[in-house]
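Asks: Generate a structure from the sequence data that follows.
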Amino acid sequence: MGAYALYQCGTCLLIQRKDGDALTAFRDAAEKFPQDPMADQALLRVAEVYRMLDDDHQAREEFQKVLKTAKSEQVRALAMDELESIEKESDPDTGRGTPAE
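Replies: This is a model prediction of the structure:
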């Protein structure tokens, strides 16, 4: 199974709210096929799933990993936008979220 197929499996699992299995599929797509362009998308999706699950600490770590490893400039830009959003929401001056760790 290639990166695209694993990514699509992860998407289907996520729709079924099998979040852990979806994360595994996305991680497998990125780790087993690191040279495939879909690997960047899969890493981004891992971070987005943690964000969806309101685990901003883990999401932050995953988005930072995307910034370090993604070959796609577009994917890195999306990760940077999400990191900025997490930081903005966790800023105590905005009155939202919790302080950044």
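Asks: Does residue 40 touch residue 75 like I think?
Replies: Yes - counting by C-beta atoms under 8 Å, residue 75 is a contact partner of residue 40 at 4.3 Å. No exception for glycine: its C-beta is placed from N, CA and C like everyone else's.
Asks: neighbour-wise, which of the two wins?
Replies: Each of residue 40 and residue 75 has its neighbours counted (other C-beta atoms under 10 Å); residue 40 has more, 23 against 20.
Asks: Name the SS class of the more buried one, please.
Replies: Secondary structure, DSSP: H, G, I helix; E, B strand; the rest coil: residue 40 is helix.
Asks: dump the residue contacts of it.
Replies: With contact set as C-beta atoms under 8 Å, 6 or more residues apart in numbering, residue 40 has these partners: 30, 66, 69-72, 75.
Asks: same question for the host helix or strand of residue 51, mean pLDDT?
Replies: Counting by DSSP states H and E, the element that carries residue 51 is helix 37-52. Averaged over helix 37-52, pLDDT sits at 96.
Asks: picking up where we left off before, give me the common contacts of residue 40 and residue 75.
Replies: By C-beta under 8 Å, 6+ apart, residue 40 and residue 75 have these common neighbours: residue 66.
Asks: so how many other residues sit close to residue 30?
Replies: If you count neighbours by other C-beta under 10 Å, residue 30 ends up with 26.
Asks: list the contacts for it?
Replies: 3, 39-40, 42-43, 46.
Asks: That one: which element?
Replies: Element membership for residue 30 (DSSP H and E) is helix 19-32.
Asks: Give me the mean pLDDT for that helix.
Replies: The average pLDDT for helix 19-32 rounds to 97.
Asks: Distance-wise, check the residue nearest the centre of the chain relative to residue 89.
Replies: Most central in the chain under C-alpha atoms, centre = their mean is residue 47, positioned 1.8 Å from the mean C-alpha point. Computed as C-beta to C-beta, to the nearest Å, the residue 47 to residue 89 distance reads 15 Å.
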